[in-house]
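Visitor: Build me a structure from this.
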Amino acid sequence: MIKDLKFQSINEIPLRNYFLREDYDFTPWIQENINLLGEAIGIDIEDAEIEYPIGGYRLDVLATESGENRKIAIENQLKLLITVI
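Guide: Numbers count the residues shown, from 1 in each chain. Below is the predicted model of the structure:
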């Protein structure tokens, strides 16, 4: 066991205080800040396209992992964002 292990606090941020609508506000913000999502999950993400058509539906964000041919599908929800600080 690691003796010097320190945990950070977790905070909930009500996203509706910052984004009025998911489709017009939150999804474009994710596209513009896709690198932050990549940092949070530990991969480099690029080429984020929003409202990507799939059949008769639209995916919120379709992106690509940098240097790979792997697609990343993101269906976002405007709920609480939990952050570790």
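Visitor: ok, residue 72 to residue 9 distance?
Guide: Using Cβ to Cβ, to the nearest Å, residue 72 is found at 29 Å from residue 9. Quick note: C-beta positions are derived from backbone N, CA and C, even for glycine.
Visitor: neighbour-wise, which of the two wins?
Guide: More crowded of residue 72 and residue 9, by other Cβ atoms under 10 Å: residue 72, with 19 against 7.
Visitor: secondary structure element for residue 27?
Guide: helix 27-32 (DSSP states H and E).
Visitor: Where does the nearest residue to residue 23 once chain neighbours are set aside sit: helix, strand or coil?
Guide: Using Cβ to Cβ, 6 or more residues apart in numbering and skipping residues adjacent in sequence, the residue nearest residue 23 is residue 51, 7.7 Å away. Per DSSP: H, G, I helix; E, B strand; the rest coil, the local secondary structure of residue 51 is strand.
Visitor: Can we start the residue count at 678 from this point?
Guide: All set: I'll call the first residue 678, so the last point we hit is now residue 728.
Visitor: For residue 728, give me its contacts.
Guide: 700, 704, 735, 736, 737 (Cβ atoms under 8 Å, 6 or more residues apart in numbering).
Visitor: What separation do you get for the second one and residue 755?
Guide: Distance, residue 704 to residue 755, by Cβ to Cβ: 9 Å.
Visitor: for the fourth one, same thing?
Guide: Using Cβ to Cβ, one obtains 16 Å as the distance from residue 736 to residue 755.
Visitor: Can you list phi and psi of the residue nearest the centre of the chain for me?
Guide: Geometric centre of the chain, nearest residue: residue 714, 4.4 Å, by Cα atoms, centre = their mean. Dihedral angles of residue 714 (phi, psi; degrees, to the nearest 10) stand at phi -60, psi -40.
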